[in-house]
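Trainee: need coordinates for the below:
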Amino acid sequence: MPPIQKAFVMVVEDNADNMWIITEMLNDDPRVRYCNVRPSGKQLFAFMAKNDVPPINLVLLDLNLPGDDGYSILEKIRVHPKLSNAIVVAVSADNTAEDVAKVRASGFDGFIGKPLRHDRFPEQLQRVMDGEAVWEPD
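Mentor: As a prediction, this is how the structure comes out:
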């Protein structure tokens, strides 16, 4: 994965506490130029259709969402004109070896396990933006 110099980030997360944690940490990163959070895949794609959003280069995607799950949302992201080139990282509490293998086989670019840790998430995010594939379920 190529490094990201200026990050345009979409977060798809339905838990309000996780939304807040992720956006606070993203806002602390000087490379993040744009960040938006949507609580579902349906709202992500509606937002992308109705707003003048720059091409997104990083998506942090929860797997357990209302409506479509993260796997079906990933399929739609991969063909969306403003999302198709994005690095897509699963962010989930479903973090068994089997879960991570399914995420990897489904075409995600990385995995960060929940609960997110304040002492690790900024460094994990940094590594993703540096072009490293991060696969850390715990």
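
Trainee: all contacts plus neighbour counts: C-alpha atoms, from now on.
Mentor: Will do.

Trainee: now the spatially closest residue to residue 36 that is not a sequence neighbour: phi and psi?
Mentor: Leaving aside its sequence neighbours, residue 36 sits nearest to residue 10 (CA to CA, 6 or more residues apart in numbering; 5.1 Å). Note on residue 10: its backbone torsions stand at phi -120, psi 130 [degrees, to the nearest 10].

Trainee: can you tell me the SS state at residue 42?
Mentor: helix (DSSP: H, G, I helix; E, B strand; the rest coil).

Trainee: try residue 111
Mentor: Assigned with three-state DSSP, residue 111 falls in the strand class.

Trainee: returning to that earlier point: hang on, the residue nearest to residue 36 packs against residue 62?
Mentor: No: contact criterion CA atoms under 8 Å: residue 10 and residue 62 do not qualify, at 11.3 Å.

Trainee: okay, the two: which has more neighbours?
Mentor: Ranked by neighbour count (other CA atoms under 10 Å), residue 10 and residue 62 place residue 62 first, with 29 against 22.
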